[in-house]
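J.: Sequence first, then the predicted structure:
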Amino acid sequence: MTQTTTQKPQWRKNIPAIAQEICQAIAECGGKAWLVGGSVRDLCLQQSSKDIDLEVYGLDVDKLLRIAQSLGHTEQVGKHFGVIKLWRDGHEIDLALPRTETKTAQGHRGFTVTSNPQLNPEIASSRRDFTINAMMFDPISSELLDFHHGQEDLQNRILRHVSPAFSEDPLRVLRAMQFAARFKLSLAPETAQLCANLVAEVSNLPDSRLWCEWQKWTHAPYPSFGLQALKDSGCLSTLYPELEALTTCPQDPRWHPEGDAWVHTLQVCDQAALISKRERLDYETCEHLMLAALCHDLGKPITTFTDEDGNIRSPNHSEAGFEPTASFLKRIAAPKRIAQFVHPLVHDHITHLCGEPTSRAVRRLAHRLEPASIELWEMLVEADASGRSPSPACRPALAWLEKAQALSNHTEKTPAIVNGHILMDMGMTSGKDMGACIKAAYEAQLDGKFCDLPSAKKWLKNHFEI
């Protein structure tokens, strides 16, 4: 490793004043603080960073704690390896002593951590996962330390590991995925090989860690790069066979000039990310759309065949997608509430091809999609139709959305007119017959047999002994 030191005075304007104040206070007490990790990476990209991570040299943990306590509210979260959290002016700052990590057991937590305030910065940086996260910046002197050429890798859009110690933590396979998706990076071949060697351990990670990395993927602007990183590392077949099946699933070039189902899925996910940004979707709704985009064609490998005329067909692939979608969501430890949204979106993602958006069809679609909405469904259909480059982007289900908006069905299903109170007011006694009556009445309402309470009562009298 060769140290590269440069001056970046223009970066200081993007660093919160509290971070510079902390660094100055540490310097006045004989220590030296460096911004590290994602903070420096984001400065390189001229992006604002939520993280303020400082690595402090030359001070023991007790002296560092006293300094932190003089500057704001603090909490010592790792006394034995020197980590202090400081809250001030709406910022959460992590203060840590430099440390080494020794692998002592399998898994993400199988490390012995040793803090050492006198550690050489180059050695301290070697424990980090990727070169883009291993840079160090001094907010006072504007000095940048880049022992592993992270700035060059970031400019070249390469995701590369720092050292062979990368292989000690299986979580880094999924971190590679979400970093590639967030920053439009391609996995270095040598790093891909190290990821491949970690596959056996990934499935043993805690569910919370699995979902945390996938959740970051759902909010990334370049999701296809994350998926491609997984493929390049050879991890799909073992970790996510549902996705691996897409890579060998052909599609009819008349409708899919982009290529096979894998290429299509990557394009659809990128389109979904663009739509999510355009529509300013909230955090959870973005997750629903992105995972529906990823899973929408998982039923194709099961149903695809070539007919006698040489046409590639995938009949009923939307319905067949339920089981592979369920198994994939389980593999990534997605919360059950998310599956409740993703399944109906996948099941109905080609419904707009099956007929016109009549009032009846729209009402029934809104009912099937619940708890998802026609509004979100139309975004998925747009992503699906637009993920066919070089074909242009389009919105083939827009008429369905407009009809749903006219019916006030775009965000929720049709509220039931008939309920138990109405039936009792009409003279029906409670019991299982009442439940069957309410269900039949709602089906009739969806079919347009009645639209208000008077017409509902008339329908009830004609169909039940009330």
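T.: Structure's in. What do you need? Residues are numbered from 1 along each chain as shown.
J.: Grab the nearest non-local neighbour of I332.
T.: Spatial nearest neighbour of I332, excluding adjacent residues (C-beta to C-beta, 6 or more residues apart in numbering): W214 at 4.4 Å. The C-beta positions use only the backbone N, C-alpha and C, and glycine is treated the same way.
J.: Convert the C-alpha atoms of the helix or strand where that neighbour lies to PDB, please.
T.: Taking DSSP states H and E as the definition, W214 sits inside helix 207-218. Provided in PDB are the C-alpha atoms of helix 207-218 (Å, rounded to 0.1, in the frame of the first residue of the first chain):
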ATOM      1  CA  ASP A 207     -32.400 -11.800   9.500                       C
ATOM      2  CA  SER A 208     -32.000  -8.200  10.600                       C
ATOM      3  CA  ARG A 209     -28.700  -7.900   8.800                       C
ATOM      4  CA  LEU A 210     -30.000  -9.500   5.600                       C
ATOM      5  CA  TRP A 211     -33.000  -7.200   5.400                       C
ATOM      6  CA  CYS A 212     -31.000  -4.100   6.300                       C
ATOM      7  CA  GLU A 213     -28.700  -4.500   3.300                       C
ATOM      8  CA  TRP A 214     -31.600  -5.400   0.900                       C
ATOM      9  CA  GLN A 215     -33.600  -2.500   2.300                       C
ATOM     10  CA  LYS A 216     -30.800  -0.100   1.300                       C
ATOM     11  CA  TRP A 217     -30.900  -1.700  -2.200                       C
ATOM     12  CA  THR A 218     -34.600  -0.800  -2.500                       C
END
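J.: so what does the helix or strand following it touch, helix or strand wise?
T.: For helix 207-218, the succeeding helix or strand toward the C-terminus, using DSSP H and E, is helix 223-232. Helices and strands touching helix 223-232, as assessed by 3 or more C-beta pairs under 8 Å, 6 or more residues apart in numbering; DSSP states H and E, comprise helix 171-183, strand 186-187, helix 189-197, helix 261-279, helix 283-295.
J.: Show me what the helix or strand following helix 223-232 packs onto, helices and strands only.
T.: Tracing the chain past helix 223-232, the next element assigned as helix or strand by DSSP H and E is helix 236-239. Helices and strands touching helix 236-239, by 3+ C-beta pairs under 8 Å, 6+ apart, are helix 199-202, helix 241-244.
J.: ranking those helices by burial, who's on top?
T.: Among the helices and strands packed on helix 236-239, helix 241-244 has the highest mean neighbour count (mean count of other C-beta atoms under 10 Å), at a mean of 20.
J.: Go ahead and name everything in contact with that one.
T.: 227, 230, 236-237, 262, 265, 294-295, 298, 324-325, 327-328, 331 (C-beta atoms under 8 Å, 6 or more residues apart in numbering).
J.: buried residues in the strand or helix carrying A444?
T.: Assigned by DSSP H and E, A444 belongs to helix 432-446. Under the neighbour-count criterion of 16 or more other C-beta atoms under 10 Å, helix 432-446 has M434, C437, I438, A441, Y442, A444, Q445, L446 buried.
J.: what's near enough to touch L198?
T.: S167, D169, P170, R172, V173.
J.: ok, now how distant is the third one from M177?
T.: Counting by C-beta to C-beta, to the nearest Å, the separation of P170 from M177 is 12 Å.
J.: ok, these two, which is more surrounded?
T.: With neighbours defined as other C-beta atoms under 10 Å, P170 and M177 compare such that M177 has more, 27 against 23.
J.: how close does that one get to L71?
T.: For M177, the distance to L71 (C-beta to C-beta) stands at 37 Å.
J.: for the nearest residue to A96 once chain neighbours are set aside, phi and psi?
T.: On the basis of C-beta to C-beta, 6+ apart, the spatially nearest residue to A96 that is not a chain neighbour turns out to be V83, at 4.8 Å. Per-residue torsions, V83: phi -130, psi 130 (degrees, to the nearest 10).
J.: Kindly report the same for the one 4 residues further on.
T.: Dihedral pair for W87: phi -110, psi 130, per degrees, to the nearest 10.
J.: residues contacting I123?
T.: T100.
J.: redo that, cut-off 10 Å
T.: By C-beta atoms under 10 Å, 6 or more residues apart in numbering, the residues touching I123 are M1, P98, T100, N116, F147.
J.: Please pick the buried ones from the residues you listed.
T.: Applying 16+ other C-beta under 10 Å to the contacts of I123 flags P98, T100, F147 as buried.
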